[in-house]
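any chance you could fold what I've pasted below:
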Amino acid sequence: MTTALDVFVFIPNLIGYSRILFTLASFVLMTSFESEWRIAISLYIASFAGDLFDGLAARKFNQCSTFGGLLDMVTDRCSTLGILYVLGNLQDHMRLVYLFAIVLDISSHWCQMYSSIGQGHHKSSESNEGRNFLVQWYYKYYFFFGYLCVGAEFTYILAYILHYLSTDSTLYEVALGAFRLCLPGCFMKQIINIFQLSSACYVVAMQDAAIHTEQRSKQH
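Numbers count the residues shown, from 1 in each chain. This is a model prediction of the structure:
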């Protein structure tokens, strides 16, 4: 029999815990030891890469779990929130943009997960049936999903790196080129988040409407 403690020590969940530690360590360095920015961003990238390996481990060892999905979602969202917070402090002129990105990211993903309760995983085709076609494409086509997720995260990562690089260095030019390559993916990810938020809210409203319709039919 599998117990709750067994679930806590599933291999993908152990990877998830390491992601949390890497993320927290990176934020400590980013905010309190800015001279260690190279180590900070390396830890953040390691945490981001762990998102791929925990999913692979879950499928390989047949250890998919609701707790693992929750852990993954919370880690992803808090990681993104954290680096956007850091960028907002580094770039005063962009602070409001980063704040809006935080609000949109958290609200859209939370509503997407909430609206999928009882319908399977929030990324599955079953739970996204009938939603905006862009949201369906986003979760259906892995390369589209991958470019937008990686593009968004590396836009933030490269923005952080560019802040510390000398503008006359070759590395700065390389990082700037990569930033420009990732930026369209980041922009498209915000568009997807808007449609994801609106579609999720519509699904919840439809569920409410169905419940009210059933209640009224019973009354009559």
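
which helix of the protein spans the most residues?
In the chain, taking DSSP state H as the definition, the longest helix is helix 170-219.

and it, what does it pack onto?
Packing partners of helix 170-219 (3 or more Cβ pairs under 8 Å, 6 or more residues apart in numbering; DSSP states H and E): helix 95-115, helix 133-140, helix 142-164. In this view, the C-beta of every residue, glycine as well, is placed from N, C-alpha and C.

lowest mean pLDDT across these, which one is that?
Looking at those, the lowest mean pLDDT belongs to helix 133-140 (a mean of 84).

in that helix, what's buried?
Applying a neighbour-count criterion of 16 or more other Cβ atoms under 10 Å, one finds 135-136, 138-139 buried in helix 133-140.

just give me the closest of those residues to A4.
Taking Cβ to Cβ as the measure, A4 lies nearest Y139 of the buried residues of helix 133-140, at 28.6 Å.

okay but the closest one is in contact with F145, surely?
Yes - taking Cβ atoms under 8 Å as the definition, Y139 is a contact partner of F145 at 6.4 Å.

nearest to A205, out of the helices and strands packed on helix 170-219?
helix 95-115 (9.6 Å).

so what secondary structure elements neighbour that closest one?
helix 66-90, helix 170-219.

what pLDDT does V203 get?
On the pLDDT scale, V203 gets 87.

how much space between the spatially closest residue to it that is not a sequence neighbour and F144?
Spatial nearest neighbour of V203, chain neighbours left out: S115 (4.4 Å); criterion: Cβ to Cβ, 6 or more residues apart in numbering. According to Cβ to Cβ, to the nearest Å, S115 and F144 sit 21 Å apart.
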